[in-house]
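**Student:** Here is a sequence with its predicted model. Questions after.
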Amino acid sequence: MKTLITWPHDSTEGQRAGTRLHEKFPGGSIGVSAGHIEELERERFELLIVVGHHHEITVKATLDALIYSANVREIPYVALVDIGHAGEEHESGKSAESTALWDAAQHFADEMGAAVLAPTREFSFDDVAEAQVFAGNETGIKPINPGGIQVWKEFRRGEREEHGGEGGAHA
């Protein structure tokens, strides 16, 4: 099954990185703004990748709409991707630890029962757009840990832990 790549409605950098990731694996993915997911045919997806800045993804209305879309499509896996701002590009693999999406990832997992991945650090544009934290082919895309470096944390329904992240869903 294909991968659905999306970004929050007004996320210029999320759109740019998400579109580039889709272009790397055009046969295995569909790229579309979160505001247009409902316009897609009722195609089934194995993975939903949401690309944007953590403060864009964690907006309550955005997060709730993404959860609804993933539930309707019964998408079993989700990856929330926090990209840095263009002026703050980090060398791949060198950015500071980040728990900014962990609360949102746990909320997503609790609400829909999907396995949700969130980054352990903020990703650079190239990490995402050049598929440095993803692998894929004509059948889909999957998150990877490049060079054995753990860059993803998995969240599942009911497995809440305290981590002090700043990324809870907010209005």
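**Tutor:** Here it is on my side, so go on. Quantities reported herein were computed from a predicted structural model and do not represent experimental measurements. Numbering: from 1, shown residues only.
**Student:** next SSE after the helix or strand where A79 lies?
**Tutor:** Here A79 sits within strand 77-82, counting by DSSP states H and E. Per DSSP H and E, the first helix or strand lying C-terminal to strand 77-82 is helix 102-112.
**Student:** Centre of the chain to that following helix, how far?
**Tutor:** Mean-position distance between helix 102-112 and its chain equals 12 Å (Cα atoms, centre = their mean, to the nearest Å).
**Student:** Now do it against strand 77-82, angle only.
**Tutor:** Interaxial angle of helix 102-112 relative to strand 77-82 (axes from the mean of the first three to the mean of the last three Cα atoms, to 10 degrees): 160 degrees.
**Student:** For helix 102-112, give the mean pLDDT please.
**Tutor:** Average pLDDT, helix 102-112: 94.
**Student:** swap in stretch 1-16?
**Tutor:** For stretch 1-16, mean pLDDT is 94.
**Student:** and the end-to-end length of that stretch?
**Tutor:** Terminal residues of stretch 1-16 are spaced 23 Å apart (Cα to Cα, to the nearest Å).
**Student:** Buried residues, that stretch. List them.
**Tutor:** Neighbour counts over stretch 1-16 (16 or more other Cβ atoms under 10 Å) mark 2-9, 11, 13-16 as buried. Yep, even glycine has a C-beta here, placed from its N, CA and C like the rest.
**Student:** Which one of those is nearest to F45?
**Tutor:** Distance to F45 across the buried residues of stretch 1-16 (Cβ to Cβ) is lowest for L4, with 4.3 Å.
**Student:** Could you verify my assumption that the closest one touches V32?
**Tutor:** Yes. Using Cβ atoms under 8 Å, L4 is in contact with V32, at 7.4 Å.
**Student:** and for the two, which residues touch both?
**Tutor:** Common contacts of L4 and V32 (Cβ atoms under 8 Å, 6 or more residues apart in numbering): L40.
**Student:** Look at the residue nearest to N137 when sequence neighbours are not counted and say how many residues are nearby.
**Tutor:** Leaving aside its sequence neighbours, N137 sits nearest to G28 (Cβ to Cβ, 6 or more residues apart in numbering; 5.7 Å). G28: 19 surrounding residues under other Cβ atoms under 10 Å.
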